[in-house]
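[1] make a model of this:
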Amino acid sequence: MMRLLFFLLTTSVFSQNEFSIIDNFLHVENEFQIWSNDSIYRFNENLQLVSINQNPIIGRSDKIPTIKYVENNSIHYYLSNGSGDVYDSTFKRIDNTNNSSFFNNSSSFMHKDTIYKFGGYGFWTSFKQLIYFDFNQGDWNYFNLKIPLNFEGLFSSQIVKNGPEKYLVYGGNKLTQENSLIDEPNKNIYLIDFKKSELKYVGTSNIDFSGRKINFENGTSLNLKKNSIIILDWKNNLMKKYKTNFTHKVSLEYNIYMVSEIIYYIEKNNKGYVLSSSEIDINNLKIVDEHKIYKTTSFVQYIIFTILLLILFIFYYLFKDFNKIKVRKQSIRYRFVEFKIDNEKEEILSVLTKEQKISTNQLFEIISSKDLHPNHIYRLIPEVMNDISKTIKLVTRKNEEVFSVSKNKKDRRINDYVLNQSYVFKN
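    Next comes the predicted model:
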């Protein structure tokens, strides 16, 4: 991570170089440009005024505050927010597009000498795609990027390089699904992977990304607020917040830039606006907070979580009836204990399993035999039920009574053997 320096010295450009209004503030190659009214004021890195020139695109004054600057390997272009306008370094328009009021607050960046725009919105609709500028045709085309189905679209987000073919997308806002006129802060972190041609979710962050930001080529970002500076180390997923004593002077209406060890910004005073800079030393600043930028679920964690869920499901399936008494063919089983029974008892227990009770009439039909007198069968019923009760207690190792005997509600001459609810049966 590049050595970032914070507060030692602050300088400003006053007198004739004060501005009552600033339309735009850009850093182009080795100079700073302040666009004010119909002119472009150019300053060197010592804050000395170098030249004043008429703004070449003054005829399109509505575009001036929205102009963005992108560069890669000393090649730079000016882009208009909310349209497809592209200007070269001499302010010559090189596109032939006519889209307006769309791609508002999309995120612009350059990758391998190609200009890209990601996200944005227009006509109360989120734009969820990545587009690139075709220099040969002078038009914008869709880049074939696989987008997650649940991606809702972003605007005003930041893009920072995270590898030769990778860019992280963070911050910004998204339109709410309930009302497209209302937006809310984006908490998710996404990765644009050019090698795989896909956008994927990386994690979720609770950091407030408001304020002015600088994204460096080495995979770090600087987030400047009124009372602090936050350094985002994306490669190590680490955030450090520093207390400062100069950032309250920074006007957050305009961009900020960092050259070598100096931060350049616009400062607002009683007379208007002025270009200022602060040289700062991070070693002399107090860290007031430090934690991970975002929380994520890695692929390995996901696999482990899936396996654990599968194991839990298998255990549930195998042991969901663990505490139930299973009535099987000529046997009953409880947990790991199994006991043999005859066909007569199996039939009785099957009725109890379905109805939770059995009447003496039903028992008579099951026990009845041509060799036995009906009166003798009725005398056998208590013995059979007592024998079943002992068997169940033996298998379950419980001392609670298995049945309670009560008079049938429809016929008082008939008794019902009602199963105790603590004994649960399953066929």
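[2] please name the nearest non-neighbouring residue to Ser205.
    Nearest non-adjacent residue to Ser205, counting by CB to CB, 6 or more residues apart in numbering: Tyr294, 4.1 Å away. Bear in mind the C-beta positions are built from the backbone N, C-alpha and C, glycine included.
[3] surely that neighbour touches Leu191?
    No: counting by CB atoms under 8 Å, Tyr294 sits too far from Leu191 to count as a contact (11.1 Å).
[4] which neighbours do those two share?
    Jointly contacting Tyr294 and Leu191 under the rule CB atoms under 8 Å, 6 or more residues apart in numbering are Val202.
[5] ok, now which ones touch the residue nearest to Ser205?
    Contact analysis of Tyr294 by CB under 8 Å, 6+ apart lists Ile189, Val202, Gly203, Thr204, Ser205, Asn237.
[6] surely the second one touches Asn162?
    No: under the criterion of CB under 8 Å, Val202 makes no contact with Asn162, lying 9.3 Å away.
[7] can you check which residues contact both of those two?
    The overlap between the contact sets of Val202 and Asn162 (CB under 8 Å, 6+ apart) consists of Leu168, Leu191.
[8] so for stretch 146-156, mean pLDDT?
    On average, the pLDDT along stretch 146-156 is 91.
[9] can you list contacts of that stretch?
    The contact list for stretch 146-156, computed with CB under 8 Å, 6+ apart, reads 104-107, 118-121, 126-129, 169, 171-175, 177, 183, 186, 190, 196-201.
[10] go again with 6 Å.
    Asn105, Gly119, Gly120, Tyr121, Ser126, Lys128, Gly172, Asn173, Lys174, Asn186, Glu198, Leu199 (CB atoms under 6 Å, 6 or more residues apart in numbering).
[11] derive a PyMOL selection command for the buried subset of the contacts of Tyr294.
    What follows is the PyMOL syntax selecting those of the contacts of Tyr294 that are buried according to 16 or more other CB atoms under 10 Å:
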select buried, resi 189+202+203+205+237
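[12] just send the contacts of Tyr294 back as a markdown table, with distance to Thr360, pLDDT and secondary structure too.
    Shown next, in a markdown table, are the contacts of Tyr294 (distance: CB to CB, whole Å; pLDDT from 0 to 100; DSSP: H, G, I helix; E, B strand; the rest coil):
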| residue | distance to Thr360 | pLDDT | secondary structure |
| --- | --- | --- | --- |
| Ile189 | 72 | 95 | strand |
| Val202 | 71 | 93 | strand |
| Gly203 | 69 | 93 | strand |
| Thr204 | 66 | 93 | strand |
| Ser205 | 72 | 94 | coil |
| Asn237 | 74 | 95 | coil |
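[13] wait, doesn't Ile377 sit right on Ile366?
    No: with contact defined as CB atoms under 6 Å, Ile377 does not count as touching Ile366 (9.8 Å).
[14] residue contacts, Arg379?
    Contacts of Arg379 by CB under 6 Å, 6+ apart: none found.
[15] can you tell me the SS state at it?
    helix (DSSP: H, G, I helix; E, B strand; the rest coil).
[16] what about it, distance to Ser389?
    17 Å (CB to CB, to the nearest Å).
[17] tell me the secondary structure for Lys354?
    Per three-state DSSP, Lys354 ends up helix.
[18] can you count the residues close to it?
    Lys354: 11 surrounding residues under other CB atoms under 10 Å.
[19] what pLDDT is listed against the closest residue in space to it that isn't next to it in sequence?
    Once flanking residues are discounted, Lys354 sits nearest to Asn427: 7.7 Å by CB to CB, 6+ apart. In this model, Asn427 is scored at 78, pLDDT.
[20] next one: Val70
    Note on Val70: pLDDT of 90.
[21] SS state for it?
    When classified by three-state DSSP, Val70 comes out as strand.
[22] which residues touch it?
    The contact partners of Val70, taken as CB under 6 Å, 6+ apart, are Tyr77, Ser108, Met110.
[23] now those residues in TSV, with pLDDT, neighbour count and secondary structure?
    TSV is the format used below for the contacts of Val70 (pLDDT from 0 to 100; neighbours: other CB atoms under 10 Å; DSSP: H, G, I helix; E, B strand; the rest coil):
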residue	pLDDT	neighbour count	secondary structure
Tyr77	92	20	strand
Ser108	94	19	strand
Met110	94	17	strand
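[24] which among those gets closest to Pro65?
    Using CB to CB, Ser108 comes nearest to Pro65 of these, at 15.3 Å.
[25] mind picking the two most distant members of the contacts of Tyr294?
    By the measure CB to CB, Thr204 and Asn237 form the most distant pair in the contacts of Tyr294, at 12.2 Å.
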